[in-house]
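Chemist: Sequence and computational prediction follow.
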Amino acid sequence: MPGYIEDRWWTKKPDPATGKKRKTALHGKGKRYKVTGIPGVRARSFPDGQLAAAKRWLAKAQSESEKGEFIDPRDGNILLRDYVENHWWPARTGDPATLEGVSRRVRNQILPYLGSTPLRQIKVGTLREWLKDLEGVISPGTAVTTWGYLSNMLECAVDDERIAKNPCKAKTIKAPKKPENKARAWSRERVKAVRDALSERYQILADLGVGAGLRQGEAFALDVDEDLDMERGVIYVRRQVRTVGGKLVFSLPKGNKTRTVPMPLYLAARIAAHKEAYPPQLVTLPWKDPRPPQTKLEEKERAPRTHRLLVTNSNGGAVRKDMWNHNHWKRALAAAGVIPQPTKRKRKSGRGVELVYGPGHEYGFHCLRHTFASVQLDARENPVAVSKWLGHADASITLRVYGHFLPEADGRGRQAMDAWFAAGDELQSISPDSPQSVDVAEPSTVEDLQPASGVAPEPRAESGSELGKDAA
C-alpha cells in the first residue's frame, strides 16, 4: 500500500564509517515526521514525539484513500465565514428576491455567531449553544428557515470533502420546529372597518384581497387591459410587483404560477368605480432583476415591461409594499382597532418624529386572502378549484392550511351511513339509542354577496389571525 513516514531530522541510511544515522540540516527545526507518498493525499507533518500519531494517520489515510472516502481534516480549517463567502454563496442561483432574503438571514443570524469558527470545529455542542443564543431574538418560523440554510452550508462542505459529516443531522440535536398555527379569517365587520379606514385610492386593494384571494404584490400589478376580463368575469393573475435590491420590478407570481380567478359581481362593480375615480396609469419596471445585464440573454430576460396598472400611488407609479404597509395598511389597522395606536419617536436623523407601530405581521394583507379561502370552503366549493384560485401547487397545500375552514361533516356523514345501512335492511340491528340523522343547511355562496356590502360573507372561523407568514 503506497505511503510512508519520513524522518526529517535523521538520514534514512546510516553513516558507512560509524554505522549510525546522521543528523540532517533540518535537525531540531520544525516538525520531525512527514507522512507522504499516498496518491491524492497531501503530505502531513507531525512534531517530535508523535511517531505513533503519524503511523495512525498513515494507516487511516491509506485505508480511506483506497476506498475513495478520504477527507483531509485540514480542509475543514477554513472559517465558516470564508467558506460561505468564497464557496457556498457564489454557487447559489435562483430568484434575486429570494437570494436577497437568504443573504439577510445568513448575515444576521449565522455569521455573527458562527462565522469565525472553523468548519471542522462546528460540532453538535456548538449548534446547541447557537440555537440557545437565537432564542428570543428571532421567531420560531425564522429559526426553522435559518437552520435550513446552515444545514445546507454544512452539507455542501461534506460534498466538498472539507468535513466528514453534517452535525445538523445528529440524532441528539433538537432542530427548531415551526409552531402549528392555523390561518384565521376576519369577520365581515373587521374587513369593512379596515377597508373604510384606508384612503379611497387604496380601498380597491382590500376588495381584491378578500374578493379574489390575491396576494399583495399581485394586486399591485394588475393590468386593466390584460388581466381584467369583465365579460367573462375573471381576473388573470400574471405578475406581481416586488422589491429587489431596493428597486421595484415586475415578476411572475409566487412559485412562478399564473392563474385565473373568478370575479364576483360586487368586485367588478368596485373595480369599475375605482377606474373612474383613479384612471389607470402606465408603469414601466424591469422584469425580475433590476441589475444591469451582463449577457445578451440577461438583457433580453430583464428587459423593462410596461403595464397600465389598476392601482398606482399618488405620483402615478407602482406601489411600494413596505412603504404602503407602514403608511396606509398599519394606519388603517390602528384606526379600526385591530392593533394599538402608534407611538412617536425622533427620527435617527434628528429631524422630526416618526410613527412606530407594534408587531403586527399576523394582521398583514394576507388575512384578506385567508378570508377569501374561508368563504369559498365554507360554501363547500371544491378544494381543487380553491387551490387553483389561490395559486397553490396542489390541493393538499390548500387543505393543510385552510382545511379547518371546511364545514362540519358530522350531519351528512350520519345521513350517508343511515342510507348505506338502509339499503341492506340493516337498520333493524341499530340500537334505538344511536344518534339520529340531522339536516345540515347549505351555506350561502360568494355569489350571494350584495354589491353594497363590499366584503365577503361572515366566515365560520374566529376573528383574528395567527398565521405569521403568507405561506399559502
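Modeler: That came through fine.
Chemist: Next up, phi/psi of the nearest residue to Gly217 once chain neighbours are set aside, please.
Modeler: Once flanking residues are discounted, Gly217 sits nearest to Gln240: 3.5 Å by C-beta to C-beta, 6 or more residues apart in numbering. The C-beta positions use only the backbone N, C-alpha and C, and glycine is treated the same way. Here is the backbone geometry of Gln240 (degrees, to the nearest 10): phi -140, psi 160.
Chemist: try Arg8
Modeler: phi -80, psi -20.
Chemist: Strands of the chain, residue ranges please.
Modeler: Secondary structure of the chain (DSSP state E): strands located at 4-7, 10-14, 21-23, 33-36, 44-46, 228-229, 234-237, 240-244, 247-251, 259-262, 281-285, 305-309, 343-346, 353-356.
Chemist: what's the closest of these to Asp378?
Modeler: Closest to Asp378 of those, according to C-beta to C-beta: strand 259-262, at 16.1 Å.
Chemist: List the buried residues of that closest one.
Modeler: Within strand 259-262, the residues that count as buried by 16 or more other C-beta atoms under 10 Å are 259, 261-262.
Chemist: As JSON lines, the residues you listed with distance to Val386 and pLDDT would be great.
Modeler: Below are those laid out as JSON lines (distance: C-beta to C-beta, whole Å; pLDDT from 0 to 100):
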{"residue": "Arg259", "distance to Val386": "11", "pLDDT": "95"}
{"residue": "Val261", "distance to Val386": "10", "pLDDT": "94"}
{"residue": "Pro262", "distance to Val386": "11", "pLDDT": "94"}
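Chemist: Which one of those is nearest to Ala332?
Modeler: Nearest to Ala332 among these is Val261, at 23.7 Å by C-beta to C-beta.
Chemist: Does the closest one touch Leu214 like I think?
Modeler: Yes: using C-beta atoms under 8 Å, Val261 is in contact with Leu214, at 7.3 Å.
Chemist: can you pull the contacts of Gly28?
Modeler: Neighbour list for Gly28: Trp9 [criterion: C-beta atoms under 8 Å, 6 or more residues apart in numbering].
Chemist: Next one: it from Ala395, what distance?
Modeler: According to C-beta to C-beta, to the nearest Å, Gly28 stands 76 Å off from Ala395.
Chemist: cool, Ser187 as well?
Modeler: 26 Å.
Chemist: And for Ala193?
Modeler: Ala193 is 32 Å from Ala395, by C-beta to C-beta.
Chemist: how close does Leu198 sit to Leu205?
Modeler: Counting by C-beta to C-beta, the gap from Leu198 to Leu205 is 7 Å.
Chemist: Neighbour count for those two, which is higher?
Modeler: Legend: neighbour count by other C-beta atoms under 10 Å for Leu198 and Leu205, higher for Leu205 (25 against 20).
Chemist: Just the pLDDT at the more buried one, thanks.
Modeler: Looking at Leu205, its pLDDT reads 97.
Chemist: Tell me the spatial nearest neighbour of it, not counting adjacent residues.
Modeler: Per C-beta to C-beta, 6+ apart, closest to Leu205 is Ala219, 5.1 Å.
Chemist: I'd assumed Asp207 was in contact with that neighbour.
Modeler: No: between Ala219 and Asp207 there is no contact under C-beta under 8 Å: 9.1 Å.
Chemist: any idea how the chain splits into domains?
Modeler: 4-70, 76-169, 184-407+443-472 (automatic domain parsing).
Chemist: Return the most buried member of those.
Modeler: Stretch with highest mean neighbour count among the domains of the chain: domain 184-407+443-472 (a mean of 17; mean count of other C-beta atoms under 10 Å).
Chemist: So what's the gap between that domain and the chain middle?
Modeler: Offset of domain 184-407+443-472 from its chain centre (C-alpha atoms, centre = their mean, to the nearest Å): 18 Å.
Chemist: Distance of Ala269 relative to Asp207?
Modeler: Taking C-beta to C-beta, one finds Ala269 at 10 Å from Asp207.
Chemist: picking up where we left off before, take the domains of the chain and lay them out in CSV including distance to Ala419.
Modeler: Formatted as CSV, those follow (distance: least, C-beta to C-beta, whole Å):
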stretch, distance to Ala419
domain 4-70, 64
domain 76-169, 45
domain 184-407+443-472, 19
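Chemist: averaging pLDDT over each of those, which comes out lowest?
Modeler: Minimum mean pLDDT among the domains of the chain: domain 4-70, a mean of 81.
Chemist: what sits against Gly403?
Modeler: Leu377.
Chemist: All further residue positions should be reported with the first residue as 2.
Modeler: In the new count, where the first residue is 2, that last one comes out as Gly404.
Chemist: Okay, it and Leu378: tell me how far apart.
Modeler: The value you get for Gly404 to Leu378, if C-beta to C-beta is used, is 8 Å.
Chemist: list the contacts for Asp226?
Modeler: 308-309.
Chemist: Likewise for the one 4 residues further on?
Modeler: With contacts taken as C-beta under 8 Å, 6+ apart, Asp230 has the following neighbours: 236-237, 264.
Chemist: again with Ser64
Modeler: Ser64 neighbours (C-beta under 8 Å, 6+ apart): none.
Chemist: Can you tell me how far it is from Leu132?
Modeler: In terms of C-beta to C-beta, Ser64 sits 36 Å off from Leu132.
Chemist: who's in contact with the residue nearest to Arg332 when sequence neighbours are not counted?
Modeler: Distances taken as C-beta to C-beta, 6+ apart put Ala198 closest to Arg332, at 7.3 Å, once the chain neighbours are dropped. Neighbouring residues of Ala198 by C-beta under 8 Å, 6+ apart: 332-334, 336-337.
Chemist: mind redoing it with 7 Å?
Modeler: Residues counted as contacts of Ala198 (C-beta atoms under 7 Å, 6 or more residues apart in numbering) are 333, 336-337.
Chemist: returning to that earlier point: hey, what's in contact with both of Val262 and Leu215?
Modeler: Joint contacts of Val262 and Leu215 (C-beta under 7 Å, 6+ apart) are Val238.
Chemist: What distance do you get for Val357 to Gly210?
Modeler: From Val357 to Gly210 the distance is 25 Å (C-beta to C-beta).
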